[in-house]
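> Need coordinates for the following:
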Amino acid sequence: MTATEHPAANRTLGDRARDHLWLHFAQHGGYADSEIPVITRGEGPYVYDERGKRYFDGLAGLFAVQVGHGREELAEAAARQTKQLAYFPLWSHAHPGAVELAERIAAQAPGDLNRVFFTSGGGEAVETAWKLAKQYFRKTGKPGKHKVISRSLAYHGTSQGALSITGIPGAKQDFEPLVPSAIKVPNTNFYRAPVYADDYEAFGVWAAEEIGRAIEREGADTVAAVFLEPLQNTGGCFPPPPGYWQRVREICTEHDVLLVSDEVICAYGRLGHDFGANRYGYQPDIITVAKGLTSGYAPLGAMIADERLMAPFLSGDSSFTHGSTYGGHPVACAVAMANLDLLESEDLYGQVRANEANFRATLDKLLDLPIVGDVRGAGYFYGIELVKDAATKETFTAADAERVLQGFVSPALFEAGLYCRADDRAEPVIQLAPPLICTQDHFDEVEQILRSVLTEACTKL
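Numbering: from 1, shown residues only. Next up, the predicted model:
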């Protein structure tokens, strides 16, 4: 197609996007008669489209923009680094930015998690962790340990390995067969607990013990790692019950299985702490991070590993035979350092801890609507589960979800000026994860938009 056939000057960006841009996780058929929304700039907790309309960024981009949009400090850090050293790989060489950032991450990480392997993003960090677990056990005389255990509905990435660890059936079926040896166990959704529905702590113990039972069924000599988020994202923000993480840690230690804390979303303030493991008081063997590490201003992820996992690679000709072109990119490392400076100087972790109860209380107001069944989460990370009947917890049929959630709630929220996620990959859930700079005025704005849209949605059930 030539420019003369469709002059760009006479067409909006949204119209032009339909012709060449392949969106991620998007139903392109839905744009046959409408423009693709185009976001052109951001400022603080808001973004603006090509026509200048403002939206509250209720998802921090994609659980990433901790310090808000338009921070000149991060743009300037990127510009300085680009002028000095725009790119060099970490393949048997180092550059100052990677060295300094690795030192800083290791100093903050719990326990002996002193080794930092940089990636381009979160799914790549998860992929890296599984590969390390396999090679580590091979190097230490246990080559049969290669399987991984993760939770139902949990999202861990889209590459073949990370997608195998992911527990969302609809995200996997078109790409099967996937990497074998990924076993699923129950998650911690107490709202729909299959057992101990009246005892939160007992339910948590049961969910933890299900991990132990899975290891025993598979054989501990075949299981390499357990991959869990501190607070599970998909399904709508499932917090861990009291004692859950402590029992999971004990089980992994008993069976010589690595505990991987997938903190691609939860690290760097989303839960009010540098790491979710520190909030919930457990010691992982590996932590995976991304998103909030740079506040999304540059693509960067990392696998943070316990010192003992590096030991087999410190002598002879051994190497971890893994890497990527842009892992630890110099510009991304510079942005990460500047971002961590902002998180610390503005005490954004402390702000989340101080405000999370108010955020939760503001969202809890919505429980008076018959379509709202549950509000759950922690920090600045909440899910609102929508139901047909709050008294019975009756959920939507697939047709209802398509008609009410996709057909009305999602577009209506966006039209009303709220960007968030209305997700039907499990039960219908609205997810909220705003920038960490937000305060009560922003919480009230979100609640008012949600109340207006959900009140109208009640008439469509």
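> in terms of contact, does Gly58 touch Ala416 like I think?
No - counting by C-beta atoms under 8 Å, Ala416 is not a contact partner of Gly58; they are 11.1 Å apart. Just so you know, the C-beta spots here come from the backbone N, C-alpha and C atoms, and that holds for glycine as well.
> Neighbour count: those two, which is higher?
Between Gly58 and Ala416, counted using other C-beta atoms under 10 Å, the more crowded position is Gly58 (25 against 14).
> excluding its backbone neighbours, what's nearest the spatially most central residue of the chain?
Geometric centre of the chain, nearest residue: Ile265, 3.3 Å, by C-alpha atoms, centre = their mean. Distance criterion C-beta to C-beta, 6 or more residues apart in numbering; nearest residue to Ile265, sequence neighbours excluded, is Phe63 at 4.4 Å.
> pLDDT weak spots in this structure?
1-9, 424-426 (pLDDT under 70).
> 50 - rerun?
Applying pLDDT under 50 to the chain flags the ranges 3-4.
> circling back: can you pull the contacts of the residue nearest to Ile265?
Phe63 is in contact with Asn233, Ile265, Arg270, Lys291, Gly292, Phe381, Ala433, counting by C-beta atoms under 8 Å, 6 or more residues apart in numbering.
> Now with 10 Å, please.
122, 233, 264-266, 270, 290-292, 296, 380-381, 421, 431, 433 (C-beta atoms under 10 Å, 6 or more residues apart in numbering).
> re earlier: any residues in contact with both of Gly58 and Ala416?
Ile449, Leu450.
> I'd assumed Tyr382 was in contact with Leu450.
No - taking contacts as C-beta atoms under 10 Å, Leu450 lies outside contact range of Tyr382: 11.0 Å.
> joint contacts of these two?
In contact with both Leu450 and Tyr382: Gly58, Thr362, Leu363, Ile430, Leu432, using C-beta under 10 Å, 6+ apart.
> rewinding a little: just the contacts of Phe63: which are in helices?
Per DSSP state H, helices hold the following members of the contacts of Phe63: Gly122.
> just curious, which of the contacts of Phe63 is nearest to Ala154?
Ala154 lies nearest to Asn233 out of those, by C-beta to C-beta, at 7.4 Å.
> where does the closest one fall, phi/psi-wise?
With angles defined as degrees, to the nearest 10, Asn233 sits at phi -80, psi -70.
> so how many other residues sit close to it?
25.
> now do Pro143
Burial measure for Pro143: 12 neighbouring residues, criterion other C-beta under 10 Å.
> swap in Ser319?
What Ser319 shows, counting by other C-beta under 10 Å, is a neighbour count of 10.
> Excluding chain neighbours, what is closest to it?
Nearest to Ser319 is Phe313, by C-beta to C-beta, 6+ apart, at 6.2 Å.
> on that earlier part again, distance of the residue nearest to the centre of the chain from Glu229?
Here Ile265 is placed at a distance of 7 Å from Glu229 (C-beta to C-beta, to the nearest Å).
> so what's in contact with these two at the same time?
Common neighbours of Ile265 and Glu229 (criterion: C-beta under 10 Å, 6+ apart): Tyr155, Cys237, Gly276.
> Most neighbours of all those, which one?
Gly276 (29 neighbours).
> who's in contact with that one?
228-231, 240, 245, 261-263, 265-268, 270, 282, 284, 287, 378-379, 381 are the contacts of Gly276 under C-beta under 10 Å, 6+ apart.
> Could you do Gly157 as well?
Counted by C-beta under 10 Å, 6+ apart, Gly157 has contacts 121-127, 130, 163-166, 171, 262, 264, 288, 290, 301.
> about what we covered before: out of the shared contacts of Leu450 and Tyr382, which is nearest to Ile183?
Looking across these and measuring by C-beta to C-beta, the closest to Ile183 is Ile430, at 30.3 Å.
> So which bits of stretch 280-300 are buried?
Buried residues in stretch 280-300, counting neighbours by 16 or more other C-beta atoms under 10 Å, are found at 280, 282-300.
> Please disregard the earlier target; I meant stretch 28-37.
Using 16+ other C-beta under 10 Å as the test for burial, stretch 28-37 gives Tyr31, Glu35, Ile36, Pro37.
> And for stretch 14-27?
Buried residues in stretch 14-27 (16+ other C-beta under 10 Å): Gly14, Asp15, Ala17.
> So which elements touch whichever strand or helix holds Ala332?
Assigned by DSSP states H and E, Ala332 falls within helix 330-345. If contacts are counted by 3 or more C-beta pairs under 10 Å, 6 or more residues apart in numbering; DSSP states H and E, helix 330-345 sits against helix 72-84, helix 96-108, strand 113-119, helix 348-364.
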